[in-house]
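Student: Below: sequence and its predicted model.
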Amino acid sequence: MTLTEVREVSGQAGDFTVRLLEHPRYVDMDKCIACGECARKCPKKVDDEYNQGLGKRKAIYVKYPQAVPLKYQIDPENCIYLKNRKCGACVQACPAGAIDFNQKPREKTVRVGSMILTPGLKPFDPAGIRTWGYDVFPNVITSLELERYLSVSGPTEGRLARPSDGRPVKRMAFLQCVGSRDLNKAGHGYCSGVCCMYALKEAMIAKDHEPDLDVSIFFVDMRTHGKDFERYYNRAKEAGVKFRRCRVHSLEPAEQNGGVYLRYITDRGKQVGAEYDLVVLSVGLETPPSAAELAGRCKVGLNQNLFAERGGFQPVQAKGRPGMFVSGAFAGPHDIPQSVTEASAAAAAASLPLARVRHSLTREKRFPPERDVRGEEPRVGVFVCHCGNNIAGVIDVEELAAYAAKLPKVAHVERNLFTCSQDTQELLKKTIQEQSLNRIVVAACTPRTHEPLFKETLKASGLNENLLDMANIRNQGSWVHQAEPEKATEKAKDLVRMSVAKVALLTPAPPLTVEVKQSALVVGGGLAGLVSAHGLAEMGYPVHLVELTSRLGGSALHLYQTWRGEPVEGKLDSIIRKVTSHPLITVHLNSKVSGAEGFVGNFLSTIQGPQGETQVEHGVGIMAVGGRAHKPGEYGYGEHRRVFTALEFDKLHTLGDSRVRGGKTFVFIQCVGSREPERPYCSRVCCTHSVQAAIELKEQDPTRKVFILYRDIRTYGQREEVYRRAREAGVVFINYDMHEKPRLRLDNPDMVEVLVWDHVLHEPFRIPTDVLILATAIVPNDLNKELARIYKLPVDADGFLQEAHAKLRPVDFATDGLFLAGLAHYPKPVEETVTQAQAAMARAATVLAKTRIDLDSIKARVIEERCDGCALCVDVCPYHAITLEEVQGEPGRKLVRIEAAKCKGCGCCQATCPKLGVEVAGFTYEQLASQVAAALA
Amino acid sequence: MSQEMIGAVMVVGGGIAGMQAALDLADGGYYVYLVERSGAIGGAMAQLDKTFPTNDCSM
């Protein structure tokens, strides 16, 4: 439901009634074919929000070319007709008669069981704040504007130019923390959490565009605390991006050339000035007013930062509002992986109370029975797409269609303005049935995006979905050969001829479905494992929970509070009790998984326990084997009785050990074992933990001296609050460099002497210390490697389990049916572990919700006469779908066997096989040869 | 519980988080109303050029 707002919510969890208001689009969605004629004729130009106002759009427009739904809309604020009833150029232009000025706002009321609020973010607006000179100097832009300049779909088509005069940019500076960590100018105390990384990314991409570009990033702390972020930071340093730790205090116009002059003080205290062509403000995130309004209408509480109130153990539940859930930038300043993880977690949390009524309102798609085309002569239908002007603007589609009609076996040809539009699907269906077509060629765009749509249409018309081929005359034709229309038309003919040759040889492949065992295996009984096991059991699925030790709880057993100060112990006890008493959960203590086979829906794992081996069948698996604290080999650890790791210190602190109780001077050293060459990642939780512990030490006795020696303080997001409180409490923060680590003297058993370079006094600083606390790294468990071997999962260079996609599939593995959560994935605090566990549970539930799942029928097949068992294909298969097996009754003869459920039809095996002994349906040797022959014809 | 329960969920906001939540819910067997203020879904991520660490196209 687009252009729609929530007006009012009544009712309670399980049964909300929501009143919605749909604003008029003034374009009939069913009729609009998104050809763009209306916008070409519209006389009214408007600043384009999508390009941050850097370009123009019309009063009738689509937000961006790939918009979903791809339907035009009229902006009533700018439309000349809607303002004063003159114009109507679009009505004249529209070939589909889709413009409807009579549309009125419409009210709708719907009933739902839960609600998830994800209204998103607004970039901070630096206008009006003199320090940054944003609306004063034309060559000061925001990071989002730079993002649009760097994009080929942006106003300069990816060319980096000075906005003032269009001259190339030679020197560029990023100013970090604009609108973040700044109560004075911006009113935002929090860290936006994403700007350091996007500045790095934009710097790197800008350097890709312009290799000689000189880029400096002016920062306070570089916060690259996410998975693989530190590596990216290191790569940027190697690529020559300069990093300057300081806040720039003023911007002035340069004397000539229209550049901007920056004045700043280096970390050695020197005042410096430099000129830049372009200054980029790395603006933070904030909650837009519309989101705050939505929160009001839904009675969801916001905190002082205007983010949704929530707790560490129910991180996606709106605090005090059952049935309402939050995620994304509305829940806090989060990056994409965190937002996606939270979204899945919210889906799990929102559906959990509704488990009883699952499937009550959904229905499965039904298709007519398949027509058997075997034995029929091929009757090929060719559908040539204009793609608006995208194809037809370059390629002579009429000529192409006429050419296609003369090709052998072609029974029908037609052209469509948009072959992919909804109404064309109906047309296609009718044509296929009326003309008894049995092979279909769509000459349009890429199968990557559109093949699934046309496959559905084939199914709906009673044809097997595999009797389709797409000739990509747009991406491989009109787009790349725009300047040579005749040649592009010739190439399109070649592509269509090849496609027709191939499609005639395609055979129907039966749809593959597999049964789904309605149960789960969770490996690891820490917080992540407990949360996901309990959730899945509450959804009604039996769960086997496997824990290596004799006790549930994992690393969380050593934690005593979250960053918000919520006690961990009670919550952990309560979830352990719920898990151990749940009738659907079988807990296997002192156990581990020793072997596994199978595939999504049908895994069979062997659990090795004190009573021997047990085999369990399960449809899905969640890997949550946790991590552990690094034991350092430096800073006198293990040698001196006053040196502890952070977790050890917490214990002594809670127990009231005399060294802590009587201590007057405390020093924390950060990044012990993290961000080192052998462990180039940030452990994410240690800064916040040390800062919190420092505050407590100060609160207990304000005369204590507490020092934190750090490289970058990474109290990301709303944790920045804790950092500010520590500074207010008088905790002293001293920055140290990797190359100038703090040094110790350990000869006095009652005191540790710490020596560190002081950047304010510019001399070494000596701290006689009662207790030295080492903020040690979180390292992966060795179990990760074992699990990786058993389930054939990837492990990253640091030993953490590797998800399928860092951004879009953060809790999935590439192997279907297996998911991950917790420290096994990367260091993270309690609330993020809970979120990830809930997300894994939601993703697992999408598999378990079905009793059978459909598999893609494009699979590899062994040609037994040709396979000689050399097994080269076994190693190249990325999905571990191929095994080498002895042929029964023929000792010594081996053949490869392909597990269809695991095969994804990628074709690596086919490309590797020296004997032409394996081929993928739809890409057989015969079919490929026919295409090559057609290409050369 | 005797109270009637509705097997549908409303997701307000069609950005990357809203879309992911809607997909997971629909795949999990719930009817989803995805409500978006503007004319198209996609949210802030659609404005990004590329995403790190792989510099994949954001679209």
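Tutor: Here it is on my side, so go on.
Student: count of neighbours near A:R379?
Tutor: A:R379: 18 surrounding residues under other Cβ atoms under 10 Å in any protein chain shown. To be clear about C-beta, it is placed using only N, CA and C from the backbone, and glycine gets the same treatment.
Student: Quick check: phi and psi at it.
Tutor: When read as degrees, to the nearest 10, the backbone of A:R379 gives phi -120, psi 100.
Student: Would you check that it makes contact with A:K409?
Tutor: Yes: A:R379 is within contact range of A:K409, at 7.2 Å (criterion: Cβ atoms under 8 Å).
Student: Find the residues that touch each one of those two.
Tutor: Counting by Cβ atoms under 8 Å, 6 or more residues apart in numbering or on different chains, the residues touching both A:R379 and A:K409 are A:R439.
Student: gap between the two ends of stretch A:85-93?
Tutor: End-to-end span of stretch A:85-93 (Cα to Cα, to the nearest Å): 17 Å.
Student: centre of the chain versus stretch A:467-484, how much separation?
Tutor: Offset of stretch A:467-484 from its chain centre (Cα atoms, centre = their mean, to the nearest Å): 30 Å.
Student: Stretch A:827-844 too?
Tutor: 14 Å.
Student: how about that stretch as CSV, C-alpha atoms only?
Tutor: Provided in CSV are the C-alpha atoms of stretch A:827-844 (Å, rounded to 0.1, in the frame of the first residue of the first chain):
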residue,chain,number,x,y,z
PRO,A,827,31.7,-10.3,18.6
LYS,A,828,28.5,-8.5,19.7
PRO,A,829,26.7,-7.4,22.9
VAL,A,830,23.6,-9.0,24.5
GLU,A,831,20.9,-7.1,22.7
GLU,A,832,22.4,-7.8,19.3
THR,A,833,22.8,-11.5,20.1
VAL,A,834,19.2,-11.7,21.1
THR,A,835,18.2,-9.9,18.0
GLN,A,836,20.2,-12.2,15.8
ALA,A,837,18.8,-15.3,17.6
GLN,A,838,15.3,-14.0,16.9
ALA,A,839,16.2,-13.3,13.3
ALA,A,840,17.6,-16.8,12.9
MET,A,841,14.4,-18.1,14.3
ALA,A,842,12.3,-16.1,11.9
ARG,A,843,14.3,-17.3,8.9
ALA,A,844,14.1,-20.9,10.2
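Student: Spell out for me which residue occupies the centre of the chain.
Tutor: With no chain named, the answer covers chain A. A:K807 (2.2 Å; Cα atoms, centre = their mean).
Student: other chain: chain B
Tutor: Geometric middle of chain B (Cα atoms, centre = their mean) lands on B:M19, at 1.6 Å.
Student: That one in helix, strand or coil?
Tutor: Here B:M19 is recorded as helix under DSSP: H, G, I helix; E, B strand; the rest coil.
Student: And the strand or helix carrying A:R659, what's buried?
Tutor: Here A:R659, judged by DSSP states H and E, is contained in helix A:658-661. Within helix A:658-661, the residues that count as buried by 16 or more other Cβ atoms under 10 Å in any protein chain shown are A:V660.
Student: and the closest residue to A:R852 other than its chain neighbours, how many neighbours?
Tutor: Counting by Cβ to Cβ, 6 or more residues apart in numbering or on different chains, A:T513 is the residue found nearest to A:R852 once chain neighbours are left out, at 4.7 Å. A:T513 has 15 neighbours, counted by other Cβ under 10 Å.
Student: wait, isn't A:V896 in contact with A:A881?
Tutor: No: counting by Cβ under 8 Å, A:V896 does not reach A:A881; the two are 9.9 Å apart.
Student: Quickly note the distance from the residue nearest to the centre of chain A to chain B.
Tutor: For A:K807, the distance to chain B equals 6 Å [Cβ to the nearest Cβ, to the nearest Å].
Student: same check, this time on A:P510
Tutor: Applying Cβ to the nearest Cβ, the value for A:P510 to chain B is 24 Å.
Student: for the residue nearest to that residue when sequence neighbours are not counted, what are its contacts?
Tutor: Take A:P510 and drop its neighbours on the chain: the residue closest to it by Cβ to Cβ, 6+ apart is A:S857, 6.8 Å away. Counting by Cβ under 8 Å, 6+ apart, A:S857 makes contact with A:E465, A:N466, A:A509, A:P510, A:P511, A:L512, A:A921.
Student: can I get the residues you listed in a markdown table with pLDDT and secondary structure?
Tutor: Compiled in a markdown table, those are given as follows (pLDDT from 0 to 100; DSSP: H, G, I helix; E, B strand; the rest coil):
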| residue | pLDDT | secondary structure |
| --- | --- | --- |
| A:E465 | 89 | coil |
| A:N466 | 89 | coil |
| A:A509 | 82 | coil |
| A:P510 | 80 | coil |
| A:P511 | 78 | coil |
| A:L512 | 80 | strand |
| A:A921 | 88 | coil |
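Student: For those, which single residue is the most surrounded?
Tutor: Most neighbours among the contacts of A:S857, by other Cβ under 10 Å: A:E465, with 23 neighbours.
Student: Contact partners for that one?
Tutor: A:E465 neighbours (Cβ under 8 Å, 6+ apart): A:K455, A:E456, A:L458, A:K459, A:P511, A:S857.
Student: And those residues, which two are furthest apart?
Tutor: The distance between the two most remote of those (Cβ to Cβ) is 13.8 Å, for A:E456 and A:S857.
Student: Go ahead and name everything in contact with stretch A:245-263.
Tutor: So stretch A:245-263 is contacted by A:131-133, A:137-140, A:162, A:164-165, A:171, A:173, A:175, A:177, A:218-220, A:264-267, A:271-279, A:735 (Cβ under 8 Å, 6+ apart).
Student: make it 7 Å
Tutor: Residues outside stretch A:245-263 that contact it (Cβ atoms under 7 Å, 6 or more residues apart in numbering or on different chains) are A:131-133, A:137, A:139-140, A:164-165, A:173, A:175, A:218-220, A:264-267, A:271, A:273-277, A:279.
Student: List the ones among those that fall in strands.
Tutor: Among these, the ones falling in strands (DSSP state E) are A:140, A:173, A:175, A:218-219, A:264-265, A:271, A:273-276, A:279.
Student: Would you mind giving those residues as TSV with pLDDT added?
Tutor: Shown next, in TSV, are the ones in strands among the contacts of stretch A:245-263 (pLDDT from 0 to 100):
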residue	pLDDT
A:V140	93
A:A173	95
A:L175	95
A:F218	95
A:F219	94
A:Y264	89
A:I265	85
A:Q271	87
A:G273	89
A:A274	91
A:E275	92
A:Y276	94
A:V279	94
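Student: if we take these, which one ends up nearest to A:T606?
Tutor: Nearest to A:T606 among the ones in strands among the contacts of stretch A:245-263, with distances taken as Cβ to Cβ, is A:F219, at 50.7 Å.
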